[in-house]
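Trainee: what shape does this take:
(2 chains)
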Amino acid sequence: AQTVTQSQPEMSVQEAETVTLSCTYDTSENNYYLFWYKQPPSRQMILVIRQEAYKQQNATENRFSVNFQKAAKSFSLKISDSQLGDTAMYFCAFRDSNYQLIWGAGTKLIIKP
Amino acid sequence: SAVISQKPSRDICQRGTSLTIQCQVDSQVTMMFWYRQQPGQSLTLIATANQGSEATYESGFVIDKFPISRPNLTFSTLTVSNMSPEDSSIYLCSGQRASAGPDTQYFGPGTRLTVL
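Mentor: As a prediction, the model looks like this:
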């Protein structure tokens, strides 16, 4: 069975700093998708970034980028120039062959002014 | 991205009653899902809502407790039946639209349910 592990329950950084959230997963599949979602206090789940496993190039969306290490089954999220609005729960998710998302436990990120 | 709305946004209900949550998507989606999220925790998949047929439930969730309908591609409902305080949670629906990028799920704003 696939599993997703986020080992950092909570992190806090100063505004404008760079922060990296870790995520590891376990699967026997070769083709799959990985996602990072953000859930601010408003509880709206927002897609941050997506990575296709068959692509070697790491995905990037503005200040958000990933470090995808397929052999190590690692999928970390880097947030550059962090902003107060980045304060949220961040969830790593793996899409299985049944199109369902397997979720990590989440990391609470606090950006301090 | 798909725009997904949910009604109600929150509700406070008495034990033993039922609540139906509606989920509307602004465009056709290939798949729709219902999740439960306990405060401070991750998401747990309740079921996949199938158009015109019975939903596919995950282990620990049954149709009698969480009946789901999906009469068309853009609308689904989840009913929480015979509620108890343990059902207090956030309920989220999501839709997956292949044209928006493969396998990306977009989420509604959630329904916060409190059972007294």
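
Trainee: make it CA atoms for all contacts and neighbour counts henceforth
Mentor: Fine.

Trainee: so which strand or helix has whichever residue of chain A sits closest to chain B?
Mentor: Proximity of chain A to chain B (Cα to the nearest Cα) peaks at A:Q44, 4.6 Å away. Under DSSP states H and E, no helix or strand contains A:Q44.

Trainee: residues in contact with it?
Mentor: A:Q44 sits next to B:107-110 when contact means Cα atoms under 8 Å, 6 or more residues apart in numbering or on different chains.

Trainee: what of B:S5?
Mentor: B:S5 sits next to B:23-25, B:108-109 when contact means Cα under 8 Å, 6+ apart.

Trainee: in helices only, show me the residues you listed.
Mentor: Residues from these lying in helices, with DSSP state H as the criterion: none.

Trainee: return the item of these having minimum pLDDT.
Mentor: Lowest in pLDDT among these is B:V25, which has 89.

Trainee: contact residues of chain B facing chain A?
Mentor: B:41-43, B:103-104, B:106-110 (Cα under 8 Å from any Cα of the partner chain).

Trainee: of these, grab the buried ones for PyMOL.
Mentor: Listed next is the PyMOL selection for buried residues among those, using 16 or more other Cα atoms under 10 Å in any protein chain shown:
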select buried, chain B and resi 42+43+103+104+106+107+108+109+110
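
Trainee: reformat the residues of chain B next to chain A as a markdown table; add distance to B:G95.
Mentor: Shown next, in a markdown table, are those (distance: Cα to Cα, whole Å):
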| residue | distance to B:G95 |
| --- | --- |
| B:Q41 | 21 |
| B:S42 | 18 |
| B:L43 | 15 |
| B:D103 | 10 |
| B:T104 | 8 |
| B:Y106 | 5 |
| B:F107 | 7 |
| B:G108 | 8 |
| B:P109 | 12 |
| B:G110 | 13 |
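
Trainee: in strands, which of the residues of chain B next to chain A appear?
Mentor: In this view, those that belong to strands under DSSP state E are B:43, B:106-107.

Trainee: among the residues you listed, show me the least confident.
Mentor: The model is least sure about B:Y106 among those, giving it 89.

Trainee: just to revisit the earlier point, in TSV, list the contacts of B:S5 along with distance to B:E58.
Mentor: Formatted as TSV, these follow (distance: Cα to Cα, whole Å):
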residue	distance to B:E58
B:C23	19
B:Q24	22
B:V25	23
B:G108	20
B:P109	22
